[in-house]
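> This is the structure alone, sequence omitted:
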Ligand code: MN
């Protein structure tokens, strides 16, 4: 079974690019345009992995992971920060907040799927590869 992946991202260009790459690789994608919607979707839709921006209106990415962690219904899945915050210390800050990985924008499209699949069990990987 291929993973269902939730993208929480306020920037439409980044959101569309990540969605395109994941769908082209065979994944099922859900999208949320801000952290508050994303937190609700994560709890209701129970995705297999979450990709989350950090800087967003309404609720930022750090508050999304905190909100998930303190919710009794939350069954933990890999949480990947994809963010323009890529100064010294930003990676550590994201990992300390509860993210499993920190990927800097701009993403590298040729590497992105394997970076994400590293956090998926074999049974949830699509096995599909983009042609270059
Ligand atoms: Mn943003």
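Okay, I see it. Source: prediction; values computed, not measured. Residues are numbered from 1 along each chain as shown.
> do you know how far residue 41 is from the ion?
Here residue 41 is placed at a distance of 17 Å from the ion (CB to the ion, to the nearest Å). From N, CA and C alone the C-beta is placed, and that goes for glycine too.
> Helix or strand for that residue, just tell me which one.
Per DSSP states H and E, residue 41 falls inside helix 35-45.
> go on, residue 114?
helix 109-117.
> So for that helix, what gets flagged as buried?
Buried positions in helix 109-117, judged by neighbour count with 16 or more other CB atoms under 10 Å: 112, 113, 116, 117.
> Return the residues in contact with the nearest residue to the last one once chain neighbours are set aside.
Take residue 117 and drop its neighbours on the chain: the residue closest to it by CB to CB, 6 or more residues apart in numbering is residue 125, 5.3 Å away. By CB atoms under 8 Å, 6 or more residues apart in numbering, residue 125 lies in contact with 2, 3, 117.
> Ramachandran angles for residue 125?
The phi/psi pair for residue 125 (degrees, to the nearest 10) reads phi -80, psi 140.
> Next: residue 31.
phi -130, psi 150.
> What distance do you get for it to residue 9?
7 Å (CB to CB, to the nearest Å).
> Just the strands from the protein, written as ranges.
Ranges of strands in the chain, per DSSP state E, are 4-8, 28-32, 49-52, 79-83, 101-104.
> Tell me the buried residues in the second one?
Taking 16+ other CB under 10 Å as the neighbour-count basis, strand 28-32 is seen to contain the buried residues 29, 30, 31, 32.
> any weak-confidence spans in the protein?
Counting by pLDDT under 70, the chain has low-confidence residues at 129-132.
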